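In: pasting the sequence and the predicted coordinates here, then a few questions.
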Amino acid sequence: SQQGEEDPQALSIQEGENATMNCSYKTSINNLQWYRQNSGRGLVHLILIRSNEREKHSGRLRVTLDTSKKSSSLLITASRAADTASYFCANVIQGAQKLVFGQGTRLTINP
Amino acid sequence: DSGVTQTPKHLITATGQRVTLRCSPRSGDLSVYWYQQSLDQGLQFLIQYYNGEERAKGNILERFSAQQFPDLHSELNLSSLELGDSALYFCASSPQGVLVYGYTFGSGTRLTVV
């Protein structure tokens, strides 16, 4: 079964607006990562946040992590049409050597 | 170009057949991971190799096998194919383990079993 779950499953916003996606996970983690996938293509690593970090920024991306709630959020500010993609959170379960992916959020940016 | 090369990009084959998917990791990466992505199951971890040795196994069927060669490229063998094996198969690599590094994904092999 999937370790993480993204919410919402689909999100449609206007260009220029901010997009927020949430991710919940079940067990203790070493780190949590976010990936983007354009339709039918390979996943691209966006950002990694360690379990002892609470917030991380990368360009227009902001990721937060709340280990007490076992949740993370990805904020994309000033969205662009090129941000249209599926976004996945993935985490490394403590003691494991693999990433476990959620089902993803399908983000559509309308011009 | 991510640096991870997967071949072929597309594969159409009949049920009962056997296919081999190939992956060349990014230069310097020692770990290779295989994932299967289907609409109903999402991204499922299959298997990991590190420097030629199997390190972790996931939801990999007995009909599937993999190996990593001394030059670090990896092959995923799928046999006795069924319609349900139709999916995108991704290979990813990382320098060592995944604890501190993200994965670099290839562009995938789309397998269609007819």
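Out: It's in.
In: the residue lying farthest from the centre of chain B: what's it in contact with?
Out: The centre of chain B is farthest from one residue, B:Val100, which by CA atoms, centre = their mean lies 21.2 Å away. Applying CB atoms under 8 Å, 6 or more residues apart in numbering or on different chains to B:Val100 gives the contacts A:31, A:48. (Glycine included, C-beta is placed from N, CA and C.)
In: looking at this, it is in a helix?
Out: No - assessed with DSSP: H, G, I helix; E, B strand; the rest coil, B:Val100 is coil; it does not lie in a helix.
In: quickly note the distance from it to A:Arg62.
Out: Separation of B:Val100 from A:Arg62 (CB to CB, to the nearest Å) stands at 21 Å.
In: any stretches of chain B with poor pLDDT?
Out: In the predicted model, chain B carries pLDDT under 70 at residues B:97-99.
In: can you list the residues of chain B near chain A?
Out: Contact residues (CB under 8 Å from any CB of the partner chain) of chain B with chain A: B:2, B:4, B:33, B:35, B:42-43, B:45, B:48, B:50, B:55-56, B:58, B:88, B:90, B:92, B:97-108, B:110.
In: for PyMOL, write a command that selects the buried ones of the residues you listed.
Out: Buried members of those, defined by 16 or more other CB atoms under 10 Å in any protein chain shown, are picked up in PyMOL with:
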select buried, chain B and resi 2+4+33+35+43+45+48+50+55+56+58+88+90+92+97+98+101+102+103+104+105+106+107+108+110
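In: centroid-nearest residue for chain B?
Out: Computing the C-alpha centroid of chain B and ranking residues by CA atoms, centre = their mean puts B:Trp34 first, at 3.2 Å.
In: relative to chain A, how far out is that residue?
Out: 10 Å (CB to the nearest CB, to the nearest Å).
In: what sits against that residue?
Out: Counting by CB under 8 Å, 6+ apart, B:Trp34 has contacts B:23, B:45-48, B:60, B:66, B:74, B:76, B:89-91.
In: a markdown table for those, including secondary structure?
Out: A markdown table is the format used below for these (three-state DSSP):
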| residue | secondary structure |
| --- | --- |
| B:Cys23 | strand |
| B:Phe45 | strand |
| B:Leu46 | strand |
| B:Ile47 | strand |
| B:Gln48 | strand |
| B:Ile60 | coil |
| B:Ala66 | strand |
| B:Ser74 | strand |
| B:Leu76 | strand |
| B:Tyr89 | strand |
| B:Phe90 | strand |
| B:Cys91 | strand |
